[in-house]
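1. sequence plus predicted model, see below.
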Amino acid sequence: MNFKGFYNEDFQTFTIDGLEERMEAIRERIQPKFQVIGQALADDLSATLQTEMFLHIAKHARRTVNPPKDTWLAIAANKRGYKQHPHFQVGLFDDHLFIWLAFIYELPNKENIARNFLTNMEEITKATNEKYYISLDHTKKDAKLIGDIDLESSLVRFRDVKKAEFLIGRHFGINDPILKDGDKLYQVIRETFENLIPLYKLSFE
């Protein structure tokens, strides 16, 4: 796999002014890397889950004025889209890389998923460690370490608030050397996804 990792230039994409200018840099710098690593991850997940998983790369097509503050790839069991399905994500803000198992507000059955998680909170503890983060809004940076968040109240909010979300995974800051080592980074992403697969499966019960 010809993946060299992510470098400062990739993160600096989000300092470029102008929608078209920033999108051009995303397409040139980041999306080719997403294609390589994302397809490999989709193949791995397909084999592990014994169901075909599809790679989606964010197009930011609805934007007309404001340039995106982040960009990502998503892997889901649906060929046409991912937002209405539990999905795996890898993406960049200007200061960190994120690795998520994502349940965002477009999910039609998120109340059922939240109830499953609330009933089986020990499964979340088993799947994670102190280095894992929780986000309640995929559009914002302010994720918190799992030990610094009230997990139960976060899941209740996810269940009861229409726009509430629940994302769980890892963060790596822009200066973390692993970002520049494509092989090691790939292994960490793959391991993170494998750790979270029990939660992915639980979301379908």
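-> Now that the structure is in, tell me what you want to look at.
2. use CA for all of it now, contacts and neighbours both
-> Noted.
3. export the lengthiest helix in the chain as PDB, just CAs?
-> Of all the elements of type helix in the chain, the one with the most residues (DSSP state H) is helix 182-202. Extracted in PDB, the C-alpha atoms of helix 182-202 (Å, rounded to 0.1, in the frame of the first residue of the first chain):
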ATOM      1  CA  GLY A 182       2.000   5.500   6.900                       C
ATOM      2  CA  ASP A 183       2.400   1.900   7.900                       C
ATOM      3  CA  LYS A 184       2.200   2.500  11.700                       C
ATOM      4  CA  LEU A 185      -0.700   4.900  11.300                       C
ATOM      5  CA  TYR A 186      -2.600   2.400   9.100                       C
ATOM      6  CA  GLN A 187      -2.200  -0.300  11.800                       C
ATOM      7  CA  VAL A 188      -3.400   2.000  14.500                       C
ATOM      8  CA  ILE A 189      -6.500   3.000  12.500                       C
ATOM      9  CA  ARG A 190      -7.100  -0.700  11.700                       C
ATOM     10  CA  GLU A 191      -6.700  -1.700  15.400                       C
ATOM     11  CA  THR A 192      -9.000   1.100  16.500                       C
ATOM     12  CA  PHE A 193     -11.700   0.000  14.100                       C
ATOM     13  CA  GLU A 194     -11.300  -3.700  15.200                       C
ATOM     14  CA  ASN A 195     -11.700  -2.600  18.800                       C
ATOM     15  CA  LEU A 196     -14.900  -0.800  18.000                       C
ATOM     16  CA  ILE A 197     -16.500  -3.500  15.900                       C
ATOM     17  CA  PRO A 198     -18.400  -5.000  18.800                       C
ATOM     18  CA  LEU A 199     -20.100  -1.600  19.200                       C
ATOM     19  CA  TYR A 200     -20.800  -1.400  15.500                       C
ATOM     20  CA  LYS A 201     -22.500  -4.800  15.700                       C
ATOM     21  CA  LEU A 202     -24.400  -3.900  18.800                       C
END
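4. got the buried residues for it?
-> 182-183, 185-186, 189-190, 192-197, 199-200 (16 or more other C-alpha atoms under 10 Å).
5. please apply the same query to stretch 43-62.
-> Within stretch 43-62, the residues scored as buried using 16+ other C-alpha under 10 Å are Asp43, Asp44, Leu45, Ser46, Glu52, Met53, Phe54, Leu55, His56, Ile57.
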